[in-house]
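Colleague: 3D, please:
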Amino acid sequence: MTATAADQQAAPGTPANRLANPADTYSQTDWNSAYGNVTTEVEGWVETVEGTIPPALQGTLYRNGPGRLERGGRWVQHPFDGDGMVLAVGFRQGRAYLRNRFVRTAGWLEEEAAGQWRYRGVFGTRKPGGVLANALDLRLKNIANTSVVDWGGQLLALWEAASPTALDPVTLATQGLSTMGGVLAPQEPFSAHPRLDPGHHGAPRLVNFGLKTGPRSTIRLMEFDPQGQLLYQRQDRLQGFAFLHDFALTPNWAVFLKNALEFNPLPYMTGYRGAAQCLRSRPGARGEFWLIPRGAGTPVVLPATEGFVFHHVNAWEEGTTLVVDSIHYADFPVVDPAEDFRHVAFEQLPPGQLERCTVDMIHGRVERRRLSGRCCEFPTVHPQRQGHRHRCVWMAVAQRETGNAPLQAIEKLDLETGRRWVWSAAPRGFVSEPVLVPHPQNPAEDAGWILSLVWNSARRASDVVILRAA
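Modeller: Residues are numbered from 1 along each chain as shown. Model (predicted):
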């Protein structure tokens, strides 16, 4: 691993400034090389550093993602089925210390001992034995592979279909399932996309939800104080099947967008497909905004526009109007059982694009407009702007200006002026989700650093890239 620090900014008066190779093409071989099977756990000081790690950057960057993608010579059908591996990069006095560990869930331990998959994956991975061995086996392995959050004295590896797995925040040793202080029942779902309330109700809170879906879906909303104690919870049942990966937060509302999807369980139950491969858009149908009060009151259900959303940027209130910024797709990106995930046909898939929905809660109207036409995902804002109107947003974006393509650059967009700055890893680098670390002495919205793991296909390894957020 190399830590790379870039302390550069766009030239005055220019709408964009690419700080690396501006090539508009990429190699499929380079893209494929990112999907290696992690086989080792390491720790130690990062000795190779280009540039200077900012001395004011202090703390630990935690990342989580699929690390085990192969067992017994059988690869996962989709990387989202891989077992979680947590990476910790600690920054102190201009140096970086690296450690990675697999999340040793009960399923991970069982399959490691057996040397083969023993559980089906949500995205189509089968255990050995063909269709008959997989039919009617509806058990889910907690793969703890989607995100990680340090809260209430626990480091939690999250996967939205199960309870959190607690880790030691220093050694990353797995401590077992967490019930969040007795709040969760065993294996109760706890979303992998919690939101941090910066203090709308007097002090910071961790806000998250659990979803149980069916013909009627149940959302359990939970709010925790910095010590991990439950402050508030509610449970609401709403009509219709729901796939909810993320939500947005305002001082008074938890904002969910229920996409217009349908689920046919038959191919899943008979062992032919994973559950996620049984999701399809309902042609011509519109989604719904499900607005859950963060207090007493009845949920508000309003029609949304067509399309599909995985991730939200932020939301805020303007009187009786909610403004919600999200990454919208023209359609649900179907997981094709016949497709090799290492050979994605990007040009055949809809790009994610930054759009804004203005929700009139009195008249039940929703207006949507595009904020940027560039293919993008994994947006972030300054943590103190959560639930407030934001000016700046940082995203992983494609190198090219139009169409769908791999994410190879990080973009900062000023939504008031339209000005943007782009740092690019192209043609041989591929970026991951940017993380904004605020400057400890400067409260400005774009003061601090953007951190991202970048796959460097030339080295067949990852770089930790540190960018000046401004």
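Colleague: buried sites along the longest helix anywhere in the chain?
Modeller: Longest helix of the chain, by residue count under DSSP state H: helix 106-114. Buried residues in helix 106-114, counting neighbours by 16 or more other CB atoms under 10 Å, are found at Gly107, Trp108, Glu111. To be clear about C-beta, it is placed using only N, CA and C from the backbone, and glycine gets the same treatment.
Colleague: Isn't the last one up against Thr125?
Modeller: Which is Glu111. No: counting by CB atoms under 8 Å, Glu111 does not reach Thr125; the two are 11.2 Å apart.
Colleague: Which positions in whichever strand or helix holds Arg99 come out as buried?
Modeller: In this assignment (DSSP states H and E), Arg99 forms part of strand 95-102. For strand 95-102, a neighbour-count test (16+ other CB under 10 Å) marks Ala96, Leu98, Arg99, Asn100, Arg101, Phe102 as buried.
Colleague: Likewise for stretch 273-291?
Modeller: For stretch 273-291, by 16+ other CB under 10 Å, it's 273-279, 281, 287-291.
Colleague: quick one: it to chain centroid distance?
Modeller: Mean-position distance between stretch 273-291 and its chain equals 19 Å (CA atoms, centre = their mean, to the nearest Å).
Colleague: Also stretch 287-299?
Modeller: In terms of CA atoms, centre = their mean, the centre of stretch 287-299 is found 23 Å from the chain centre.
Colleague: export it as CSV, just CAs?
Modeller: What follows is stretch 287-299, C-alpha atoms only, in CSV (Å, rounded to 0.1, in the frame of the first residue of the first chain):
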residue,chain,number,x,y,z
GLY,A,287,-41.8,5.3,-6.3
GLU,A,288,-42.9,6.8,-3.0
PHE,A,289,-41.4,9.0,-0.4
TRP,A,290,-41.9,7.5,3.0
LEU,A,291,-41.4,10.3,5.6
ILE,A,292,-41.1,9.0,9.1
PRO,A,293,-41.3,11.6,11.9
ARG,A,294,-38.5,11.7,14.4
GLY,A,295,-41.1,12.0,17.2
ALA,A,296,-44.8,11.7,17.5
GLY,A,297,-46.9,11.7,14.4
THR,A,298,-48.0,9.7,11.5
PRO,A,299,-45.8,8.8,8.5
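Colleague: Show me what the mean pLDDT comes to for that stretch.
Modeller: Stretch 287-299 carries an average pLDDT of 96.
Colleague: Then stretch 312-321?
Modeller: Mean per-residue pLDDT for stretch 312-321: 97.
Colleague: tell me which residues of it are tucked away?
Modeller: Neighbour-count burial for stretch 312-321 flags His312, Val313, Asn314, Ala315, Trp316, Glu317 (criterion: 16+ other CB under 10 Å).
Colleague: Also stretch 242-258?
Modeller: If you call a residue buried by 16+ other CB under 10 Å, then stretch 242-258 has these buried ones: 242-250, 253-258.
Colleague: and if you look at stretch 459-470?
Modeller: Quick answer for stretch 459-470 (16+ other CB under 10 Å): Ser462, Asp463, Val464, Val465, Ile466, Leu467, Arg468, Ala469, Ala470.
Colleague: model confidence over it, on average?
Modeller: Rounded mean pLDDT across stretch 459-470 is 97.
Colleague: following the helix or strand bottoming out on mean pLDDT in the chain, which helix or strand comes up?
Modeller: For the chain, using mean pLDDT, DSSP states H and E, the weakest element among its helices and strands is strand 2-6, scoring a mean of 56. Past strand 2-6, heading to the C-terminal end, the next element that is a helix or strand (DSSP H and E) is helix 28-32.
Colleague: What strands flank the strand holding Arg99, and is each parallel or antiparallel?
Modeller: Here strand 95-102 is paired, per DSSP bridges, with strand 43-45 (antiparallel), strand 83-92 (antiparallel).
Colleague: And the strands in the stretch 201-350 of the chain?
Modeller: Assigned by DSSP state E, counting those that start in this stretch, the strands in the stretch 201-350 of the chain fall at 205-212, 216-224, 230-239, 248-249, 253-258, 261-263, 279-281, 288-293, 300-303, 308-318, 321-329.
Colleague: The ones you listed: which one's closest to Gly65?
Modeller: strand 308-318 (15.4 Å; CB to CB).
Colleague: what packs against that closest one?
Modeller: Secondary-structure packing of strand 308-318 (3 or more CB pairs under 8 Å, 6 or more residues apart in numbering; DSSP states H and E): strand 248-249, strand 253-258, strand 321-329, strand 376-380.
Colleague: Please repeat the previous calculation with a cut-off of 6 Å.
Modeller: In this structure, strand 308-318 makes packing contacts with strand 321-329, judged by 3 or more CB pairs under 6 Å, 6 or more residues apart in numbering; DSSP states H and E.
Colleague: Read off the pLDDT value for Leu415.
Modeller: 98.
Colleague: which phi and psi does it have?
Modeller: Dihedral pair for Leu415: phi -80, psi -10, per degrees, to the nearest 10.
Colleague: Can you give me the neighbour number for it?
Modeller: By other CB atoms under 10 Å, the residues close to Leu415 number 18.
Colleague: how about the residue lying closest to it once chain neighbours are set aside, what does it touch?
Modeller: Once flanking residues are discounted, Leu415 sits nearest to Arg391: 5.7 Å by CB to CB, 6 or more residues apart in numbering. By CB atoms under 6 Å, 6 or more residues apart in numbering, the contact list for Arg391 reads Leu415, Glu416, Glu445.
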